[in-house]
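Structure of the sequence below:
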Amino acid sequence: MYNAGFQNITNIDISPSVIKQLQERYKDKFTEMKFAVMDVRKLEFGISSFDVVIDKATLDSLMCGEGSTANSELMLNEVYKVLIPSGIYVCVSHVAPDKREKYFLKPGWDWLMSVEQVPKFGADVSTNKADPKKYHYVYILTKQGTEIPSVNPADEAKEEKEEKEEKEEIA
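Numbers count the residues shown, from 1 in each chain. Take a look at the predicted model:
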């Protein structure tokens, strides 16, 4: 992206050591690129700060931990907040739409969503095109609204139970 002219790029990670490694690796190659230690559940950017947010399995990672529903809602709320109206959130995930779309379709987030299915490297999809484990899923969500929804912790217990059942199905 950087070499294609998109040089106003900000990279974040919760790990200081990861950010330090990236800064060292790219300091001479991508001089305009920014790196910051930050928790995606509590972004330190203002409202409507970005045209595009790209997530490469961050949501998947949050969904594997304790409090996954609440954490995913916090993250998605923050993403929604920092995107400009008509901004685009690209989420690359290992999880098929039947298990993931419900997290994007919470009340208050006005997304226009499309999903692309991309075969994993080396996956033979000629024999079983329906096997979700052979694909990555790219969710492309375009922000339609301007309101920033609040996260409702009252629904957490029900959603946590559904998540646990979903994780058991995936495993």
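
Flag every buried residue along the strand ranked longest in the chain.
Secondary structure of the chain per DSSP state E: the longest strand is strand 83-93. For strand 83-93, a neighbour-count test (16 or more other C-beta atoms under 10 Å) marks 83, 87-89, 91-93 as buried. Every residue, glycine included, has its C-beta placed from N, CA and C.

mind checking how far residue 36 is from residue 18?
Going from residue 36 to residue 18 by C-beta to C-beta, to the nearest Å gives 11 Å.

the strands in this protein, which residues?
10-13, 34-37, 50-56, 83-93, 111-119, 135-143.

Residues contacting the second one, please?
With contact meaning C-beta atoms under 8 Å, 6 or more residues apart in numbering, strand 34-37 is reached by 9-16, 19, 22-23, 44.

now swap in stretch 113-130 and tell me
By C-beta under 8 Å, 6+ apart, stretch 113-130 touches 97, 101, 104-105, 131, 134-142.

Who are the contact partners of residue 137?
Residue 137 makes contact with 92-97, 100, 115-118 under the criterion C-beta under 8 Å, 6+ apart.
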